[in-house]
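In: sequence first, predicted coordinates after that:
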Amino acid sequence: MSTKLKHIEKAQRITERVFDELLKEVRAGRTERELARLIRTLAKRHGADGLSFDPIVAAGRSAADPHAKPGNRKLRRGQLLMIDLGVRSGGYCSDMTRMVAIGPPTAEARKAYGIVLRAQRAAIRAARAGMVARDLDAVARGIIARAGYGKYFVHALGHGVGRNIHQDPRLTPKRRHRLKAGDVITVEPGIYLPGRLGVRIEDMLVLTARGNRNLTGTPKRLRVL
């Protein structure tokens, strides 16, 4: 295993421990900002060198902004909560997004979640070295579009991860470069419904000639807290 991959995997294991502990504190009445501060505390406690980016903690309609900043909004029952976090270890980054529900989610939220999960799983199955970046983006984007939500997937499918949290290769609808064995990429499709909700699910993969290995161990079922 390369030094790069060893450090990225260590960073990801820390990220997963932080996420698991954070869930114990997620409940109605807590604010996005409180949970974002807790991510920083937990990352330090678990041995991270620091965060790889400012975490996104976005509840309900605030998650309709893919790059939402945590605010003083209190979590309420019936909301979906987006948690996007990553840490640094040995100079390398991790990146993961998971959704949780504060109490039973709405039918609309469950539908959006199911579509995004289906798109992400299909892209992960397809991802391999030698593939053209835009073709991998198209796998997930096509599923979301056929479900009627194409205009609500408003960013690239993913990006490279290494010493920088966002680096080449970029998985966009226009990028024609071929992905290489050893590339570490994110796969993070999303649906963002303005004024209502947002859903994103993100894993990190390392590409191989035959496919990929998923570096993310946190389950993707929609947890209801």
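Out: Structure's in. What do you need?
In: helices along this structure, start to end?
Out: Secondary structure of the chain, counting by DSSP state H: helices at 3-23, 32-45, 107-126, 133-146.
In: which of these sits closest to Val154?
Out: helix 133-146 (10.6 Å; Cβ to Cβ). C-beta: built from backbone N, CA, C; applies to glycine.
In: from the contact counts, what lies against the closest one?
Out: For helix 133-146, the elements it packs on are helix 107-126, strand 167-171, judged by 3 or more Cβ pairs under 8 Å, 6 or more residues apart in numbering; DSSP states H and E.
In: what's around Gly160, how many residues?
Out: Look at Gly160: counted by other Cβ atoms under 10 Å, it has 18 neighbours.
In: do the one 10 residues further on as well
Out: Residue crowding around Arg170 was assessed by other Cβ under 10 Å; the count is 18.
In: partners of it in the sheet?
Out: His159 (DSSP bridges).
In: wait, it sits on Ala133?
Out: Yes: with contact defined as Cβ atoms under 8 Å, Arg170 reaches Ala133; the gap is 6.7 Å.
In: identify whichever of the helices and strands packed on helix 133-146 lies nearest to Lys6.
Out: The closest of the helices and strands packed on helix 133-146 to Lys6 is strand 167-171. By Cβ to Cβ, the value is 18.1 Å.
In: ok, and what's touching that closest one?
Out: 133-134, 136-137, 156-161, 175, 177, 179-180, 183, 185, 187 (Cβ atoms under 8 Å, 6 or more residues apart in numbering).
In: residues touching the nearest residue to Thr97 once chain neighbours are set aside, list them.
Out: Closest residue in space to Thr97, ignoring its immediate chain neighbours: Glu202 at 3.6 Å, by Cβ to Cβ, 6 or more residues apart in numbering. Applying Cβ under 8 Å, 6+ apart, one finds that Glu202 lies in contact with Asp84, Asp95, Met96, Thr97, Arg98, Gln120, Gly158, Thr186, Val187, Glu188, Thr216.
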